[in-house]
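Novice: Sequence and predicted model, in that order:
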Amino acid sequence: MENQELKRLEVNAKKEVPIEKWGPYLTERQWGTVREDYSAGGDAWDYFPHDHARSRVYRWGEDGLGGISDIKQQLCFAIALWNGKDPILKERLFGLTNKEGNHGEDVKELYYYLDNLPSHYYMKYLYKYPQEVFPYNNLLEENAKRDKLQPEYEILDTGIFNDDKYFDVYIEYAKQSSEDIFIKIEIVNRGPEKAPITILPTLWFYNNWQYAGENNKPYINYVSDHCVQAHHQYIGDYYLYFEPTDNVLFTENETNFQRLFNKPNSSEFVKDAFHEAIIYGTNFQKLKDKKGGTKCASVYSFEIESKKSECVFLRLSNKKVDDYFPEDFKDIFIKRKNEADIFYESIHPASCTEDQKNIQRQAFAGLLWNKQYYHYDLDTWLNTSDGITPDTPERKNGRNNTWKYLKNQDILSMPDNWEYPWYASWDMAFHCISMAVIDPLFAKHQLTLLMREWYMNPQGQLPAYEWNFSDVNPPVHAFAALEIYKTEERLYGKTDIVFLKSIFQKLIINFTWWINRKDENGNSIFEGGFLGLDNIGLFNRSMVLPGNAVLEQADGTSWMGKYALDMMNIALEISMHDPSFEDTATKFYEHFVIIAEALNELGLWNEEDKFFYDVLSINKSEAFPLRVRSVVGLIPLFAVTVIKKEVFDQMADFTKRMKWFQQYRQANHLYLPSEAKKDFECTLLSLVNKERLEYLCEKLLDESEFLSEGGIRALSKFYEKNPYTLNYDGNSYSIQYDPGDSTSNMFGGNSNWRGPVWMPVNYLFITAFKTFGYFFGDDLKVEFPSHSGTSVSLSEVANQISARLLHIFEKNEQNERLCNGDYNWFYKKEENKDLVLFNEYFHGNTLRGLGASHQTGWTALIANLILDLKEKD
């Protein structure tokens, strides 16, 4: 059968911006973000809390439940629900702020990204809505009682789902064309008794007239009991068709100043009017009589019998049609679902189990659902008011004030649409690696976008994330570019040299920034601060240290070694098609050698422990190693590549220069990080030599240290009973193995690198061991696990780590998934058995999912590991 989705992607490839006009671009949370924070002190969570979200207009975007929007988020669609008992409509997901949670911010809802296509011609979302009063207060109060040593109190702990008294609310989107979307909302009563529910499919305009002026105000007008018309000067006319109802309500997307600030409203038609009307009957008739506004909802109320369901159908279209629901219109959902089946079946490896196919498909679905409209103009944000809080000098010089040129307004891949509804530069690199499997064009577009002048600063730094754009993330973007390039070549048969050339030029600017800014002592030992690893260190690695001390980082130096190698590889690949890049490859090769020398010869390697450590450099003379065995000391393994003979054969200048450089260093007894097979069949370049590789593997593959049942831990388990303490400059700093949630407040306290398993670094370990295995073959074997007596090749080490990571998600003999932890009782129910969540990280002992619960950003890399089964086939 024809793969219609691939055809649609081919059409998208001809567009200037390869993004569908309509998609799941409506975030799960706009409140509590930096963009919406206009406070003098920069307290985003308190300035715009969840309690304000239903009543207060957003300045930089919109949010909703299972919703969609156009590419510029002018017009939005989502649903609102009421179970007849809650004090507010369920219009958006609820969660705790950073201060309210004992481990930072955390969503307290059950929702799932079931399916999605890159073109968004088919999408499916599931929300589980309790039939009893939603436990807002209970979640707040119980989490407030808990300290950092206790687990988070989740919604499944409240008992609200114990008796199956909940609704499954399925939202399905099936496009007839790019701007003609059929919508199906199915509500299933999972409970033992009949239960009431009211649903409000809602269409509204983002309030841009708050700054563009009333003359630019769009409108939604009543047409009939089954249709409304939406008009906007930029996107034109849209019609929302729905099943006939007597209750079509209108209001305005305007702030309710009376409720929030005890100030009079200019009109009674405000953003939260539907809450008052549905729950208390306030102004219900007025909202019916209004017949126009900027926010509209058709209202349907049901009493659903136990185990039965009700459906509501809608159609959002740029066409005015009389036969809005043709006789066979429901077939569009079946047709698009079948197209999705065909598309994903072409990606699943033949040897996949049905469970593995389900895991891979939901990982991709989550990745696609986490596309979000992101708008942030720093100069405007710093120098204007939101109409509630006056502009102040403190704000002008506040958060991100050195990034005034940054002007983002794009569809971006987010780590998690609720917990992290903002892009993070190194997260996005991993997102793009997974995205390349299903939509390489979008993956290339995203990675290139991050390098554009309205993101990258004039000095060449990439923005980290909106809480602090100046923080430094690991430079993994050259690696991501290569992965995208190779994935597209392998799966789609295309070698996009133009993409490599384009991004290579931009990466050179960023590489230069690193060389000039993060080498304090000029010795090719790099700093960088927290480098995305939050609390991995004894102390905040981004802080200014007392006593003229500088933290020389094993990981910062290793990331730069990897960066140089990846840049060399890109240059070599381009040079196979364009020889003018050949001397650039030589330049990055020499950079790599110098960094490798610094890493291995200037004190970061500890010969006694056979491990790499960060070093505290005091007054540029005294050096004190921080002898903590963490992933920081294993990152040198990531910087490895093999140059094949055909490259040397084709590139005479590179080969000549490389041989001269090697001979010069050998003659002068200088460090040389390379090893060649006989007859130069291929050459290995690695930050670690064979001997040190074996030493590191002994620790890495030791189950009492780094190796868990589900992959590699971020900190050695040795520190569970042997905490490490440093006394420096009158302060005491300690670290111990914390396999679960963070027990510190460092970087918000909602992420933990002191013991859990993290997907992105495991993916890099697997990639590195594949490379080592390719070079050494069976000539080098290591014990797996260490001290087991069983020796395997390094390629098999990669396979075994992959299998352990997959073990986190797969059903076991008891039909339980380790990632579900204590909640397997819920996920073993028939209707829940195939639901999979992709957490931010995983408990170092039990492998229970922790942190953000929908981080199909980099945790979607599990889909790539499943794809690797295709190569084994």
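Specialist: Nice, thanks for sending it over.

Novice: For the helix-or-strand element of the chain with minimal mean pLDDT, which strands pair with it and how are they oriented?
Specialist: In the chain, the helix or strand scored least confidently by mean pLDDT, DSSP states H and E is strand 549-552, which has a mean of 81. The strands that strand 549-552 pairs with in its sheet are strand 614-618 (antiparallel) (by DSSP bridges).

Novice: Could you give me the buried positions within the strand it pairs with?
Specialist: The neighbour-count criterion (16 or more other Cβ atoms under 10 Å) identifies Asp614, Val615, Leu616, Ser617, Ile618 as the buried residues of strand 614-618. Where you see a C-beta, it was placed from the backbone N, CA and C, and this is true even at glycine.

Novice: How far off centre is that strand?
Specialist: Using Cα atoms, centre = their mean, to the nearest Å, the distance from the centre of strand 614-618 to the centre of the chain it belongs to is 33 Å.

Novice: Can you tell me the number of residues neighbouring Thr245?
Specialist: Applying the criterion other Cβ atoms under 10 Å, we find 15 residues in the vicinity of Thr245.

Novice: How about it: what's its closest non-neighbour residue?
Specialist: The shortest distance from Thr245 to any non-neighbouring residue, by Cβ to Cβ, 6 or more residues apart in numbering, is to Ser298 (5.0 Å).

Novice: is it true that that neighbour touches Val248?
Specialist: Yes. Checked against Cβ atoms under 8 Å, the pair Ser298 and Val248 is within contact range at 5.2 Å.

Novice: Same drill for the two, tell me which one is more crowded.
Specialist: Legend: neighbour count by other Cβ under 10 Å for Ser298 and Val248, higher for Ser298 (25 against 22).

Novice: Quick check on the more buried one: phi, psi?
Specialist: Backbone dihedrals for Ser298, given as degrees, to the nearest 10, come out at phi -90, psi 140.

Novice: Residue most distant from the centroid, this protein?
Specialist: With distances taken as Cα atoms, centre = their mean, the residue sitting farthest from the centre of the chain turns out to be Ala667, at 48.2 Å.

Novice: just the helices in the stretch 151-300 of the chain please.
Specialist: Counting by DSSP state H, counting those that start in this stretch, the stretch 151-300 of the chain has these helices, from start to end: 209-212, 257-261, 273-280, 284-290.

Novice: winner for burial among these?
Specialist: Ranked by mean neighbour count, those are led by helix 273-280 with a mean of 21 (mean count of other Cβ atoms under 10 Å).

Novice: Give me the contact list for that one.
Specialist: 54, 80, 82, 86-89, 91, 198, 200, 202, 249, 251, 282-284, 287, 295, 297, 299 (Cβ atoms under 8 Å, 6 or more residues apart in numbering).

Novice: make it 6 Å
Specialist: Contacts made with helix 273-280 from outside it, assessed by Cβ atoms under 6 Å, 6 or more residues apart in numbering, are listed as Arg54, Trp82, Ile88, Leu89, Leu249, Thr251, Thr282, Asn283, Phe284, Leu287, Ala297.

Novice: which ones among those residues are found in strands?
Specialist: With DSSP state E as the criterion, strands contain Trp82, Leu249, Thr251, Ala297 from among the contacts of helix 273-280.

Novice: What about those, which one has the most neighbours?
Specialist: Ala297 (27 neighbours).

Novice: what's across from that residue in the sheet?
Specialist: Each beta-bridge partner of Ala297 is listed here, defined by DSSP bridges: Thr202, Leu249.

Novice: any idea how far Tyr664 is from it?
Specialist: Plainly put, Ala297 is 74 Å away from Tyr664 if you go by Cβ to Cβ, to the nearest Å.

Novice: same question, Gly603
Specialist: Relative to Tyr664, Gly603 is positioned 24 Å away (Cβ to Cβ).

Novice: quick one: which of these two has more around it?
Specialist: Neighbours were counted for Gly603 and for Tyr664 using other Cβ under 10 Å; Gly603 has more, 17 against 11.

Novice: Tell me the secondary structure of the more buried one, please.
Specialist: On the three-state scheme (DSSP: H, G, I helix; E, B strand; the rest coil), Gly603 is labelled coil.

Novice: Pretty sure it sits against Val615.
Specialist: Yes. Between Gly603 and Val615 there is a contact under Cβ atoms under 6 Å: 5.5 Å.

Novice: what sits in contact with each of these two?
Specialist: Ala623.

Novice: residue boundaries of the helices in the stretch 1-150 of the chain?
Specialist: Along the stretch 1-150 of the chain, the segments classed as helices by DSSP H, counting those that start in this stretch run 4-12, 44-47, 50-53, 136-145.

Novice: so can I have CSV of those helices showing mean neighbour count and distance to Tyr841?
Specialist: Formatted as CSV, the helices of the stretch 1-150 of the chain follow (neighbours: other Cβ atoms under 10 Å; distance: least, Cβ to Cβ, whole Å):
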stretch, mean neighbour count, distance to Tyr841
helix 4-12, 16, 32
helix 44-47, 18, 22
helix 50-53, 18, 25
helix 136-145, 15, 19
